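> Sequence plus the predicted model coming up.
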Protein chains: 2
Amino acid sequence: MQNTRTAYVILGMLSIKSNLSGYEIHKAIEDNFGSFWGESYGQIYPSLKRLATEGLIEPCKPASAPKKRRQEYLLTDAGRVCLREWLALPFQNDPPRNEFLLKLFFGREAANGVPIMHVRELQERNRRMLATLEGIESMARGRELQNPHRPYWMLTLGLGIALTRAALDWGESALAELAFIEAAAAENPQPADTSTNPEPGL
Amino acid sequence: MQNTRTAYVILGMLSIKSNLSGYEIHKAIEDNFGSFWGESYGQIYPSLKRLATEGLIEPCKPASAPKKRRQEYLLTDAGRVCLREWLALPFQNDPPRNEFLLKLFFGREAANGVPIMHVRELQERNRRMLATLEGIESMARGRELQNPHRPYWMLTLGLGIALTRAALDWGESALAELAFIEAAAAENPQPADTSTNPEPGL
DNA sequence: CGTGGCATGTAAACGGTTACATGATTTA
DNA sequence: TAAATCATGTAACCGTTTACATGCCACG
């Protein structure tokens, strides 16, 4: 069956709401998951075709808007079973790749001011992220209290907010620390010296 | 030149320490970056060859251990320039993919107890992670105070620790919340109903 | 009438992992 | 001498992004 995670995201979206098109699924992922998942059309459309041939989803006529030229899908019983099986499997950690941390790690090698610049940029991105997440949170406050998905959605939102806040806090102290480091380096300008450096590893 | 990030990690490692082999670079990445970066041999060895033909690194004889059958490299001036240029470029956020959050988001669709299981598993992984990072931190305490890389390495370590702690805190409250949710769901067992669910999006 | 959003798709390239093959050296 | 670790490499595969192509429909 070789089901990719793209396929499961699609099944998941269709389990929440039926009669979605590829375009709408893409949009729904962006709106609901944007901060922790992404899919491109190049993945979505072929996956929809494959899921349909496997009988996990079913193409159907546009229900509400019959004018639009578009293909909608709904989840089959087999698809729901497949989704549930996948949900029960242990989650996998994706191989870690954080380019910000990488550049900060090599900060000593960078030109003066570069690490500070990167941390400032990180702060900006995280402030935007926090604003987005808190916006969603405040919009959700008191609404849809009966929606059975709501508690789970609020939990994911909560982790996003907690991590972003922690990163912002760290950023503040990092900026102070970096100002100190670079001031010291400016007083004592020693060029990078490869040969005499100690082992990598603290 | 089409330089991948793998190439820059290699340049970065060689800027910290010369006369590293592909094997040692792999190990150094794992030891120093394990929590936020990874490279496979299938990337490293071809990259070393390419970087050498481009003159950014230079193959050299094993310095300290001439017995070993292995190829070591050192960074050229051109390589250092190339590294510095890349370091000054804005960092890119990798496309977000967090399978844990995805499965939690779809938690309502999962069998009973599954979301709690995932959060418990997350807590375990994060506890191990925190132990590792704090182990490094305590090993580093008071050591290599003159190492010019140290402040940057400590900053990266600090962010890792801060994020892991934040995730652990969130996990505790999430477990309580999930116990509550699933207790309520057990009292009031309503099957998933696709057709009448509201729009996705809180 | 034009623009922007809606909508579907494909081909090529890319970055990366996995699995495999091979063999030397060290240590128990 | 057996096992672990050191060490180098390649081919196939995989998931994904990007760029491109196409065209509809609604709204100003």
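Yep, it's here. Numbering: from 1, shown residues only, chains lettered A, B, ... in the order given.
> Dihedrals phi and psi, residue A:21?
phi -100, psi 170 (degrees, to the nearest 10).
> Quickly find the element holding the spatially most central residue of chain A.
In chain A, the residue lying closest to the centroid (Cα atoms, centre = their mean) is residue A:36, at 1.8 Å. Assessed by DSSP states H and E, residue A:36 sits outside every helix and strand.
> And the host helix or strand of residue A:156, how far out from the chain middle?
Using DSSP H and E, residue A:156 sits in helix A:150-187. How far helix A:150-187 lies from its chain's middle: 17 Å, per Cα atoms, centre = their mean, to the nearest Å.
> Can that helix be said to contact chain B?
Yes: residues of helix A:150-187 are located near chain B by Cβ under 8 Å from any Cβ of the partner chain, namely A:150-160, A:162-163, A:165-167, A:169-170, A:173-174, A:177-178, A:181, A:185. For the C-beta atoms, the positions are set from N, CA and C on the backbone; glycine is no exception.
> Tell me what angle that helix forms with helix B:150-187.
Orientation check (axes from the mean of the first three to the mean of the last three Cα atoms, to 10 degrees): helix A:150-187 against helix B:150-187 gives 170 degrees.
> Report the buried residues of helix A:150-187.
Of the residues in helix A:150-187, A:150-168, A:170-171, A:174-175, A:177-178, A:181-182 count as buried by neighbour count, 16 or more other Cβ atoms under 10 Å in any protein chain shown.
> try stretch A:33-41
Buried positions in stretch A:33-41, judged by neighbour count with 16+ other Cβ under 10 Å: A:33, A:35, A:36, A:37, A:38, A:39.
> One more: stretch A:125-139?
Neighbour counts over stretch A:125-139 (16+ other Cβ under 10 Å) mark A:126, A:129, A:130, A:133, A:136 as buried.
> Is the first one within a helix or a strand, and which one?
This means residue A:126. Assessed by DSSP H and E, residue A:126 sits inside helix A:114-140.
> Report whether that helix contacts chain B.
Yes: using Cβ under 8 Å from any Cβ, helix A:114-140 comes into contact with chain B via A:114, A:115, A:118, A:121, A:122, A:125, A:136, A:139, A:140.
> is it possible to export those to JSON lines including distance to DNA strand D and pLDDT?
Converted to JSON lines, those look like this (distance: Cβ to the nearest atom of the strand, whole Å; pLDDT from 0 to 100):
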{"residue": "A:114", "distance to DNA strand D": "24", "pLDDT": "97"}
{"residue": "A:115", "distance to DNA strand D": "25", "pLDDT": "98"}
{"residue": "A:118", "distance to DNA strand D": "20", "pLDDT": "98"}
{"residue": "A:121", "distance to DNA strand D": "19", "pLDDT": "97"}
{"residue": "A:122", "distance to DNA strand D": "20", "pLDDT": "98"}
{"residue": "A:125", "distance to DNA strand D": "17", "pLDDT": "96"}
{"residue": "A:136", "distance to DNA strand D": "22", "pLDDT": "94"}
{"residue": "A:139", "distance to DNA strand D": "24", "pLDDT": "92"}
{"residue": "A:140", "distance to DNA strand D": "27", "pLDDT": "93"}
